[in-house]
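got a predicted structure plus its sequence, pasted below:
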Amino acid sequence: MTQHDGVSRRDVLKVVGAGLVAAATGGAARAETEKAPKLAFKNADFYGADGKFKPEAAKDAVIELMKYHGYPILKGVREKLWISDYGIGQHATLGLAACMFMNNEKDRYMLMDIYLLPNQFLPEHWHEATDKNPVKMEGWLVRHGLSHIVGEGEPNLGKDVVIPKCHMDGTATVMHEVAAGPGDFVPLNRAGAHHWQLAGPDGAILSEVANVHDNAGVRHADKKLIFP
């Protein structure tokens, strides 16, 4: 994984942190951090009194994330959202929301958007070939917010990148970070490489492109996680 051309980690953090990055949506530019109230979610927001995960509450949070960043809430997006807390009951800390717009297994191409809540961790995983599809090769274009995209390479995690305790007791096997802001595209360095992400304080919205996705080929480093 390599840093986006011409943009250093320090530059990305400085610009995003200052709220000076403009995100274009529908032809109109909007500052990433307007005077709207900061996003804030508690883990209890996503669980009932019985401790069961509430997917609809998690979808509400994603819609709030979209509105905060001026992301277009397209027709049918809420219904298409795939939401998971990976069965560990800490969605505000570790989880995922995604909308698969296209996954063409015949011609092998896909497009989906990923929505990470503020400081939410997307667990370490990788992809293997299946009986139907080759190893998934992918990359991410950050639309809004900040995502620390981590994969293979020389360890360089910044002090602001903290792996949550609920993921392998606060560890991961790969530690090469690219701090990516709006407009940065970060490709996986090779098919089959381990990778994970951590959203910044305003969350992150990313578009993922790949040859094809196959749930049967997804593997997680943390064996206690339940997926899909």
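Received it, and whenever you're ready, just let me know what you need. Numbers count the residues shown, from 1 in each chain.

pairing partners for the lengthiest strand in the chain, with directions?
Taking DSSP state E as the criterion, the chain has its longest strand at strand 195-210. The pairing partners recorded for strand 195-210 under DSSP bridges are strand 109-116 (antiparallel), strand 121-127 (antiparallel), strand 138-151 (antiparallel).

rounded mean pLDDT for that strand, please.
Mean per-residue pLDDT for strand 195-210: 98.

each with direction, which strands does the helix or strand just after that strand pair with?
Going down the chain from strand 195-210, the next helix or strand is strand 218-220, by DSSP states H and E. Sheet pairing for strand 218-220, assigned by DSSP bridges, gives strand 121-127 (antiparallel).

ok, residues contacting the strand it pairs with?
Strand 121-127 is contacted from outside by 86, 93-96, 114, 116, 135-136, 138, 163-164, 167-168, 172-174, 191-199, 214, 217-222, 225, 227, using C-beta atoms under 8 Å, 6 or more residues apart in numbering. To be clear about C-beta, it is placed using only N, CA and C from the backbone, and glycine gets the same treatment.

give the buried residues for it.
By 16 or more other C-beta atoms under 10 Å, the buried positions in strand 121-127 come out as 121, 122, 123, 124, 126, 127.

can you list the residue ranges for strands in the chain?
Under DSSP E, the chain gives strands at 22-25, 28-31, 82-84, 96-104, 109-116, 121-127, 138-151, 176-180, 185-187, 195-210, 218-220.

take those strands and write them to a markdown table, including distance to residue 64.
What follows is the strands of the chain, written out as a markdown table (distance: least, C-beta to C-beta, whole Å):
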| stretch | distance to residue 64 |
| --- | --- |
| strand 22-25 | 16 |
| strand 28-31 | 15 |
| strand 82-84 | 14 |
| strand 96-104 | 11 |
| strand 109-116 | 10 |
| strand 121-127 | 19 |
| strand 138-151 | 13 |
| strand 176-180 | 22 |
| strand 185-187 | 25 |
| strand 195-210 | 9 |
| strand 218-220 | 27 |
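
and these, which one is worst for confidence?
strand 22-25 (a mean of 40).

burial count for residue 74?
12 (other C-beta atoms under 10 Å).

ok, it to residue 140 distance?
19 Å (C-beta to C-beta, to the nearest Å).

and for residue 194?
15 Å.

thinking again about what came up before, what angle separates the longest strand of the chain from strand 176-180?
60 degrees (axes from the mean of the first three to the mean of the last three C-alpha atoms, to 10 degrees).

residue 111 reaches residue 98, doesn't it?
No: in this structure, residue 111 is not within contact of residue 98 by C-beta atoms under 8 Å, at 11.0 Å.

overlap in contacts, the two.
Applying C-beta under 8 Å, 6+ apart, one finds that residue 111 and residue 98 are jointly contacted by residue 208.
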